[in-house]
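Novice: okay, sequence plus prediction incoming.
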Amino acid sequence: MHTDRFIIRRLTLTAAAAGSFLLLTACGGGNDSMAGHEGMSSSAPATTTASAQFNDADVAFAQMMIPHHEQAVEMAELAETRASDEEVKVLAAKIKAAQDPEIQTMQGWLSAWGKPASPGEMGHDMPGILSQEDMNDLEAAKGANFDKRFAELMLAHHNGAIEMARTEQDQGADPKAKELAKAIESAQQAEVAQLRKIVDRL
């Protein structure tokens with residue numbers, strides 16, 4: 001059930017990213033500027049045109065942030081039918097709207113770099129990634145119990161993404177990847193502050 005939805009999402013987003021990349025290639029490249037987080041709180045699709053200047057840190061960032069984002073989107077989708085707190089519902093929708101386009105952007109970069117989308121074994125070491133047991137527990141929760149658990153788990157999840165984004169800014173070479181990492185760090189820091197207040201309130 002949970003695993004099937006995750007696989008379907010990965011296949012759908014991969015196909016979408018590949019289509020976007022082919023379209024950009026056919027049009028002869030594109031804009032060097034990347035559309036990142038709008039107002040540093042939500043993101044617009046960044047160009048999938050990749051720089052020739054990239055290194056292993058850029059590849060690792062994209063390979064690990066894609067499944068990391070996918071899990072956050074899946075958590076946000078659970079909130080659509082399980083959350084009872086209005087602030088939790090609004091924040092979950094905001095997270096999904098921001099991270100879906102970023103997934104497609106990073107998939108386009110990996111395709112352009114000729115690198116696999118999967119992080120392989122290192123994916124198990126992603127900071128903040130939730131266990132299958134945590135995801136199952138969240139899926140089983142409803143109402144106030146879901147709200148509290150969602151906020152706690154997303155808080156840990158965001159802190160992990162911030163750590164990964166900082167690593168990319170320190171070690172990456174691709175300007176667009178580093179810019180996206182900076183935008184992710186800024187947006188998720190603001191959401192971490194909000195999540196902490198939600199946890200305290202609930």
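Specialist: Received it, and whenever you're ready, just let me know what you need.
Novice: pretty sure Leu130 is in a strand, no?
Specialist: No: Leu130 is assigned coil when assessed by DSSP: H, G, I helix; E, B strand; the rest coil, not a strand.
Novice: distance of it from Leu138?
Specialist: For Leu130, the distance to Leu138 equals 8 Å [CB to CB, to the nearest Å]. The way it works is simple: take the backbone N, C-alpha and C, and place the C-beta from them, glycine included.
Novice: quick check: neighbours shared by the two?
Specialist: Met75, Leu153 (CB atoms under 8 Å, 6 or more residues apart in numbering).
Novice: what comes up buried for the strand or helix carrying Ala183?
Specialist: Taking DSSP states H and E as the criterion, Ala183 maps to helix 175-201. For helix 175-201, burial by neighbour count (16 or more other CB atoms under 10 Å) applies to 176-185, 187-188, 191-192, 194-195, 198-199.
Novice: centroid-nearest residue for the protein?
Specialist: For the chain, His69 is the residue whose C-alpha lies nearest the centre (CA atoms, centre = their mean; 2.3 Å).
Novice: all strands for this protein, in order.
Specialist: 37-38, 42-43 (DSSP state E).
Novice: any idea which of those has the lowest pLDDT on average?
Specialist: If the strands of the chain are sorted by mean pLDDT, strand 37-38 sits at the bottom with a mean of 38.
Novice: residue ranges for the helices of the chain, please.
Specialist: 2-26, 56-82, 86-113, 132-140, 143-171, 175-201 (DSSP state H).
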